[in-house]
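Peer 1: Need coordinates for the below:
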Amino acid sequence: MQNSTPNPNNKGLPKKKAGRSLFRRINGWLHLWLGLTSGIVVLIVSLTGCIYAFEREIRDYIEPYQFVTPQSAPYLPPSRLKAIAAHAAFGNKADSMALIIQGVAYGTKDKAAMVAYTDKAQGYTLIYINPYSGDVLHKKVFSKDFFRFILNGHYYLWLPPKIGQPVVAIAVLVFVLLLLTGMILWWPRNLKKANVNKSFKIKWNASFKRVNYDLHNVFGFYVLLIAFVIAATGLVWGFQWFARTVYWTASAGGKLPTFKRPVSDTTARYAITDMPPEDKIMQLLQKEGPMDKGSFQIQFPMKRSDPYSLMSNPDEGVYYRRTFRFFDRNTLQELQGGGVYGKTFAGSSGADKLNRMNYDIHTGAVLGLAGKILAFFASLICASLPVTGFLVWWGKRKK
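Peer 2: Numbers count the residues shown, from 1 in each chain. Below you'll find the model as predicted:
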C-alpha cells in the first residue's frame, strides 16, 4: 500500500500535496516508517508461514515411514511400544532415570505409532514403530528436521526464544497497524473511473515502477482481510494480554482458563496390578468408543508430581477438536485440568471454541485444503509487501 517520501523541512512528515489533509500525511508517514522498521521480520515470518502451510501434506509424501499396512489385529499396548523404543533409543541403559520415554502416540490404522524421548546430544526425537508388529521403522531427530527449522524461523527468527519471540510478536503487531494505515492510503478519494481502476486493477503494460506500485497497492487491498485474520491469530500466541482480551471480548467478560496439568497424589499407591497404568488408560479409551479414526497420545509422568496425560483427537486434519485428560500416576483417578481443552469441543462455550480454533484459523486448516491454499497465497502476498513497499519508497527517494 502506498508509501510517501518524508520532507526533512517539515518535522519528518511527508511533503504536503494539494488537497492532502494532515491526517493522511501523518498516516502515510506512519505507514512508511513502520514498514521500513518491521519489513525484514514480516518478510521472514510470512515466507516461513507460507512454506509451513502444507507441512502435513508434504510430510505425507516424503516420509513413507509414517505409514503401515492396516491390519485387523489390535495395536500393541503402549507399555510394549515403550519398551521397544527404550531399547532402540538407550540400549542397555534404558533403566537409567536420566533416560526416559516421554510418550506414545497412535494414529489411524494405516499410521505408524510414534514414541517420543529427548536425546541429550540431539534433543527431541521420535521413533516410528509398526503398531501391529513392533518393528522399528525410523528415528527422527527434530533438530535436523527441515520443517522444525522453518517453524523456529517463524516463531523466533532462529534466535533464542526469549529474544526472538517478542521481536516477532512486536513485528506482527506493527504489521496489523500497517494494514490499517495502508487501507487508509488505498482508499480512493472519489469514485472516478481512473481512481477505481488504480485501486482495484494492476496495469501490467506500464513501467516497472507503476507495476510495482500496483502490486503493493492492489494486492495489499485484496489480501487485507485474510492477512488481518492471520496476524490477529498469531498475536494470540505473541502476547498474553492480547489472548486475554480476545477471550474477554468473546466471552463477554470471562477470564481465559490457563492450560495446566493437575498434580498427582503422591501419598496414594497404585492399586491396579493386572496391567501397566498406560495400558489401563488405553483400555479405558477403547471402551469409550472406536479408535479407528483420529489419533491419541499418552504422555508419561516425568516428575513425581506429574500425572499421566491423554490427548485424543477425533480428526487428524485439525487440532481444535483435541481433548486433554489427566490421571493420577498412583491411583489412575481422573483429574481436572487442560484449560479450554479440558472438555469436548461440542461441550465448550463459544469463547472456548474460538480459542481452541485459533491455530487452525491461523493456518487455514479450519476450511480444509481450500483454507490452506488461501493461507498460502495470502502469506506469499504478505511476504511481497515489504519488498514492493521498499521499492516504492526507494524510487521516490531517488527521485
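Peer 1: Please identify the helix or strand for residue 384.
Peer 2: helix 368-398 (DSSP states H and E).
Peer 1: And the strands in this structure?
Peer 2: 101-106, 113-119, 123-129, 136-141, 295-299, 308-313, 323-327, 334-335 (DSSP state E).
Peer 1: what inclination does the fifth one have with respect to strand 308-313?
Peer 2: On the basis of axes from the mean of the first three to the mean of the last three Cα atoms, to 10 degrees, strand 295-299 is oriented at 170 degrees to strand 308-313.
Peer 1: chain center to strand 295-299, what's the gap?
Peer 2: 20 Å (Cα atoms, centre = their mean, to the nearest Å).
Peer 1: likewise stretch 76-83?
Peer 2: 30 Å.
Peer 1: got the contact list for it?
Peer 2: Residues outside stretch 76-83 that contact it (Cβ atoms under 8 Å, 6 or more residues apart in numbering): 94, 101, 104, 113, 115, 129, 131-132, 134, 275-276, 278-279, 281-282, 298, 300. For every residue, glycine as well, the C-beta is placed using N, CA and C.
Peer 1: Show me just the buried residues among those residues.
Peer 2: 94, 101, 104, 113, 115, 129, 131-132, 276, 278-279, 281-282, 298, 300 (16 or more other Cβ atoms under 10 Å).
Peer 1: Touching, residue 368 and residue 315? I think so.
Peer 2: No. Applying Cβ atoms under 8 Å as the test, residue 368 and residue 315 come out as separate, 10.7 Å apart.
Peer 1: Could you chop the protein up by domain?
Peer 2: 1-67+144-250+385-399, 68-143 (automatic domain parsing).
Peer 1: How much space separates the residue nearest to residue 152 when sequence neighbours are not counted from residue 169?
Peer 2: Leaving aside its sequence neighbours, residue 152 sits nearest to residue 158 (Cβ to Cβ, 6 or more residues apart in numbering; 5.6 Å). Counting by Cβ to Cβ, to the nearest Å, the separation of residue 158 from residue 169 is 16 Å.
Peer 1: which of the two has more neighbours?
Peer 2: Counted by other Cβ atoms under 10 Å, residue 158 and residue 169 do not tie: residue 169 has more neighbours, with 17 against 13.
Peer 1: Tell me the spacing between the more buried one and residue 245.
Peer 2: With the distance defined as Cβ to Cβ, residue 169 ends up 14 Å from residue 245.
Peer 1: just to revisit the earlier point, output the contacting helices and strands for the helix holding residue 384.
Peer 2: Counting contacts by 3 or more Cβ pairs under 8 Å, 6 or more residues apart in numbering; DSSP states H and E, helix 368-398 packs against helix 22-52, helix 208-222, helix 224-238, helix 358-363.
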